[in-house]
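K.L.:
Please find the sequence and the predicted model below.
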Amino acid sequence: MALVVILDDRVTNRNIFAKLAALIEPGVDVRAFGDPVEALGFFESVTPDLVVTDYKMPGVDGAEFTRRFRALPGCGDVPVVVLTVYEERSFRLNALEAGATDFLQSPVDHHEFLTRARNLLKLRRQQLALARRASSLESELRDSSDRLAQVIDTVPAMISAVDRDGRCIFVNAYHASLLGAAPEELLGGAPTRLFGLHHGDRSAALDRLVFQSGAALPSYEEEFITSAGERRYFLTSKAPLRDAAGVMTAVLTTALDITDRKRAESHLRHLAHHDALTDLPNRSLLHERVRHEIAQARRSGAKFALLLFDLDRFKGINDVLGHHIGDRLLKAVAERLVATVRETDTVARLGGDEFAILQTNVAVVGDGMDLARRVRESLSVPFLLDGHEISTSASIGVALFPDHGFDFDDLLKNADLAMYRAKSDGRDGTRAFAEDMDKKARAITVLDSDMRRALAKKELVLHYQPQVNLASGRIVGAEALVRWRKDNGDLVSPADFLPQAEESGLIVPISEWVLNEACREAASWTRDGLPPLRVAVNLSAIQFRKQNVEQVVLAALAASGLESGRLELELTESILLHDTERVVHSLRALQAHGVTFSIDDFGTGYSSLSYVRNFPVNRLKIDRSFIHNLREDGNDVAIVRAIVNLGHSLNLDVIAEGVETAAQVGHLRAEGCDEVQGFYFGRPMPAADFIDLVRREAVVAQTA
Ligand SMILES: Nc1nc2c(ncn2[C@@H]2O[C@H](COP(=O)(O)O[C@H]3[C@@H](O)[C@H](n4cnc5c(=O)[nH]c(N)nc54)O[C@@H]3COP(=O)(O)O)[C@@H](O)[C@H]2O)c(=O)[nH]1
């Protein structure tokens, strides 16, 4: 509802205009005053929408009233119509200068009064609407710039601007907080105040560059030490700041805090170069350090050593005590190694139980051997882990730069050859690389590929050595022994290729072939009219680790058609020593099918007696070392007697191997030994010769 105020010192006029004003629009509120001072007092608390005032009034005229009215709060834009009888321009000018909006000449035309009053009220309403909109826009703007300021202050970035004089004209709260200051304290300061001495000078130089070129600079990474002494990392960029006219006035520096990203990257880099279990450098970091050492050594002529080793019998510890203890042992070993070497040396874990040490500042290979001795001494003190006292040792290979190799791969390979030699020389020792080791290794590689070819080209053959029952004097079986018949007809002894086949794992396919071939040939003997002879086949410990022996044996029996009771498997200590539970399980399953077992080389192992108790064996095979001097050596006599008695008291048969003389036969018969095998009855021979031998024996028996 509009409020219209009429001001006139004459009552008649006042009443006329008040009545007229009431016609301006429905619901209009009209207030009439005769005294300008009283009206101004009213306006202190109420703002009208239209004021109609007489010009000529005693004391305060219309111009003065208008001036005072305009000075009141909220009254600057209210339309003021001045009524005057004067026609002179000076009155109008006075009134206009005082802020009047319009004039009406007395006597006033009523129609004109109403039309002007309505237009002015309409204008007033539009003004008010505009003012409201402007005020809401203003507050929105204020809100959004407050928000922007907040964002700028809290974003994890140092944001600042400097002018052409290199003075700070803006800095955000985040930047200031890293300096332990308030933004106001930094304003007007030099870049050194913002970025520290070193970075400040550089920042100032780059700012000058931006001012000169008028272009932004590519981002760059930099470190920054906060006032609290914390090292943080930033990705900084610089860009020109221009005013509305496009003139460059300042350089804006935005440095994004990338500390977390840098730390994550550095953590990832650490993971990529370190072993997760021990936190020692891994192979890749060792490689990098060796490369660096080679580059230095080339310049200075210095030498360094690479030591390579693994823990003797670690697999056994892992298998018996579990991976948890195995892991703890590796960690404890790592700690001892680090404590043994100098700070300039690198201890690395290459995987499993394999460690390497890069020993710097070495003069001769003896220095590497000395360190190896210290390493072995440190490992010789038993480890106490979870109540277990664990002893371990290491076989260490040493290679020297440049004597034993010019690059990482060569040095590692040669240290590996030396380690291999240390192992084959009886473990818990150290060997330095020597040229002949390489030759041997090459020979082994050649042998390896030759053996693979031999398997593929079917160059392996089986020979059979008869086993004779002492009571009947008849051949009751044969041991199948593998040979390698080379292209040129040479026969290679298993002693010359099986140890390497064990190392390379080729023993698994070789043994499988032997088993299948022995079953196939033995099955054919009965078809050829021979009595149902037993065939003994040697198994390798590796087979039990790498394949399901039970399945392989049953498959060989099924494929050949051999009765399972005619197959005997010879077990050695190396089979019975590891993973006992799994081995016993397989043997019992095969025994249930009728397969029999003998313990080979009986009497030579550390715990032969426990094997007899734990494993489902049928026969003990006395090692030939006890047979060789049987008549001369009282100890051997006692051992043979003890084994025979032990076997018989446990319901086991006893067979003696390596029987070469009639005297040995007589002695064994006297001791009650059940069976014999040895050169005296026949060397291992081709299958055809063995069949002939059995047939001849049958003829002799028939004719006798
Ligand atoms: N896992 C497998 N091992 C096998 C296989 N074939 C053979 N072998 C093992 O190789 C070692 C050497 O075997 P070999 O040269 O055949 O020697 C055997 C006999 O020739 C030898 N022997 C037999 N009688 C005598 C004798 O009176 N005197 C004497 N000095 N040597 C003799 O003994 C070897 C058989 O020994 P054993 O197996 O302990 O009964 C040897 O360890 C073989 O086991 C195979 O297929 N798989």
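P.N.:
Thanks, I have it. Numbers count the residues shown, from 1 in each chain.
K.L.:
near the ligand, which residues of the chain?
P.N.:
For the chain, the residues in contact with the ligand (C-beta under 6 Å from any ligand atom) are 465, 479, 481-482, 493-495, 498, 511, 514, 538, 540, 600-601, 624, 657-660, 678-679, 684. Every C-beta, even on glycine, is put in place using the N, C-alpha and C of the backbone.
K.L.:
And the residue of the stretch 601-704 of the chain found nearest the ligand, how far from L630?
P.N.:
For the stretch 601-704 of the chain and the ligand, the shortest gap (C-beta to the nearest ligand atom) falls at G678, measuring 3.3 Å. Going from G678 to L630 by C-beta to C-beta, to the nearest Å gives 11 Å.
K.L.:
Show me whatever sits in contact with both of those two.
P.N.:
Residues touching both G678 and L630 by C-beta atoms under 8 Å, 6 or more residues apart in numbering: Q664.
K.L.:
which residues touch H628?
P.N.:
By C-beta under 8 Å, 6+ apart, the contact set of H628 is D636, G658, E660.
K.L.:
Using TSV, please lay out those residues together with pLDDT.
P.N.:
Formatted as TSV, the contacts of H628 follow (pLDDT from 0 to 100):
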residue	pLDDT
D636	89
G658	96
E660	96
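K.L.:
Buried subset of these as a ChimeraX selection?
P.N.:
To isolate the buried members of these in ChimeraX, using 16 or more other C-beta atoms under 10 Å:
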select :636,658
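K.L.:
Redo the contacts of H628 as JSON lines? Include distance to A441.
P.N.:
Shown next, in JSON lines, are these (distance: C-beta to C-beta, whole Å):
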{"residue": "D636", "distance to A441": "39"}
{"residue": "G658", "distance to A441": "33"}
{"residue": "E660", "distance to A441": "37"}
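K.L.:
Which of the contacts of H628 sits closest to L252?
P.N.:
G658 (94.6 Å; C-beta to C-beta).
K.L.:
ok, that closest one touching Y680?
P.N.:
No: the criterion here is C-beta atoms under 8 Å, and G658 misses it with Y680 at 9.4 Å.
K.L.:
any idea of the mean pLDDT for stretch 283-300?
P.N.:
For stretch 283-300, the mean pLDDT works out to 95.
K.L.:
What of stretch 665-684?
P.N.:
In this model, stretch 665-684 carries a mean pLDDT of 96.
K.L.:
Same check on stretch 567-586?
P.N.:
84.
K.L.:
Out of the helices and strands in this protein, which is least certain?
P.N.:
In the chain, no helix or strand scores lower on mean pLDDT, DSSP states H and E than helix 608-614, which sits at a mean of 76.
K.L.:
List of residues touching it?
P.N.:
Taking C-beta under 8 Å, 6+ apart as the rule, helix 608-614 contacts 571, 573, 576, 580, 584, 599, 602, 605, 617, 620, 646, 650, 652.
K.L.:
which one is F65 nearest to, not counting chain neighbours?
P.N.:
Excluding the flanking residues, the one nearest F65 by C-beta to C-beta, 6 or more residues apart in numbering is P36, at 4.4 Å.
K.L.:
count of neighbours near the one you found?
P.N.:
The number of residues packed near P36 is 24, by other C-beta atoms under 10 Å.
K.L.:
who are the neighbours in contact with it?
P.N.:
L7, T53, M57, G59, V60, E64, F65, R68.
K.L.:
What's the ChimeraX line that selects buried ones from those residues?
P.N.:
Buried subset of these, written as a ChimeraX selection, criterion 16+ other C-beta under 10 Å:
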select :7,53,57,60,65,68
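K.L.:
pLDDT and secondary structure added to the contacts of P36, as JSON lines?
P.N.:
Formatted as JSON lines, the contacts of P36 follow (pLDDT from 0 to 100; DSSP: H, G, I helix; E, B strand; the rest coil):
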{"residue": "L7", "pLDDT": "96", "secondary structure": "strand"}
{"residue": "T53", "pLDDT": "95", "secondary structure": "strand"}
{"residue": "M57", "pLDDT": "90", "secondary structure": "coil"}
{"residue": "G59", "pLDDT": "88", "secondary structure": "coil"}
{"residue": "V60", "pLDDT": "92", "secondary structure": "coil"}
{"residue": "E64", "pLDDT": "94", "secondary structure": "helix"}
{"residue": "F65", "pLDDT": "94", "secondary structure": "helix"}
{"residue": "R68", "pLDDT": "94", "secondary structure": "helix"}
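K.L.:
out of the contacts of P36, who's nearest the ligand?
P.N.:
R68 (124.1 Å).
K.L.:
May I ask which helix or strand encompasses the residue of the stretch 1-150 of the chain found nearest the ligand?
P.N.:
Nearest to the ligand, among the residues of the stretch 1-150 of the chain, is Q150, at 80.5 Å (C-beta to the nearest ligand atom). Under the criterion of DSSP states H and E, Q150 resides in helix 110-154.
K.L.:
so what secondary structure elements neighbour that helix?
P.N.:
Applying 3 or more C-beta pairs under 8 Å, 6 or more residues apart in numbering; DSSP states H and E, one finds that helix 110-154 contacts helix 11-22, strand 50-54, strand 80-84, strand 102-105, helix 173-178.
K.L.:
closest one to G188 among these?
P.N.:
Evaluated over the helices and strands packed on helix 110-154, closeness to G188 peaks at helix 173-178, with 13.2 Å, by C-beta to C-beta.
K.L.:
Next up, phi/psi of the residue of the stretch 601-704 of the chain closest to the ligand, please.
P.N.:
Here is the backbone geometry of G678 (degrees, to the nearest 10): phi 170, psi 170.
K.L.:
now swap in L40 and tell me
P.N.:
phi -60, psi -40.
K.L.:
Near it, how many residues? Count them for me, please.
P.N.:
Counted with other C-beta under 10 Å, L40 comes out at 18.
K.L.:
residues contacting the closest residue to A348 other than its chain neighbours?
P.N.:
Residue nearest to A348 in three dimensions, not counting chain neighbours: L286, with 3.9 Å by C-beta to C-beta, 6+ apart. Counting by C-beta under 8 Å, 6+ apart, L286 makes contact with T346, A348, L350, A356, L358, F408.
K.L.:
between those, which is nearest the ligand?
P.N.:
The closest of these to the ligand turns out to be L350 (C-beta to the nearest ligand atom; 30.9 Å).
K.L.:
doesn't the closest one fall inside a strand?
P.N.:
Yes: under DSSP: H, G, I helix; E, B strand; the rest coil, L350 falls within a strand.
K.L.:
so what's the spatially closest residue to it that is not a sequence neighbour up against?
P.N.:
Spatially, and ignoring its direct neighbours in sequence, L350 is nearest to R283 (4.9 Å; C-beta to C-beta, 6+ apart). Listed by C-beta under 8 Å, 6+ apart, the contact set of R283 reads A348, L350, G351.
K.L.:
Can you tell me how far E185 is from L123?
P.N.:
For E185, the distance to L123 - C-beta to C-beta - is 51 Å.
K.L.:
make that D490, sorry
P.N.:
124 Å.
K.L.:
Tell me which of these two has more neighbours.
P.N.:
Shown here are D490 and L123; by other C-beta under 10 Å, L123 has more neighbours (15 against 8).
K.L.:
So what touches the helix or strand that the helix holding Q150 is followed by?
P.N.:
Later in the chain than helix 110-154, the nearest helix or strand by DSSP H and E is strand 157-163. In this structure, residues lying in contact with strand 157-163 by C-beta under 8 Å, 6+ apart are 152, 168-172, 174-175, 178, 186, 191, 194, 204, 207, 224, 234, 241, 249-257.
K.L.:
out of these, which are buried?
P.N.:
Among the contacts of strand 157-163, those classed as buried by 16+ other C-beta under 10 Å are 152, 168-172, 174-175, 178, 186, 191, 194, 204, 207, 224, 234, 250-257.
K.L.:
Restricted to helices, list those residues.
P.N.:
Among the buried ones among the contacts of strand 157-163, the ones falling in helices (DSSP state H) are I152, Y174, H175, L178, L186, P191, L194, A204, D207.
K.L.:
Could you identify the least confident member of these?
P.N.:
Lowest pLDDT within those is found at P191 (81).
K.L.:
isn't it right next to R208, touching?
P.N.:
No: counting by C-beta under 8 Å, P191 sits too far from R208 to count as a contact (10.4 Å).
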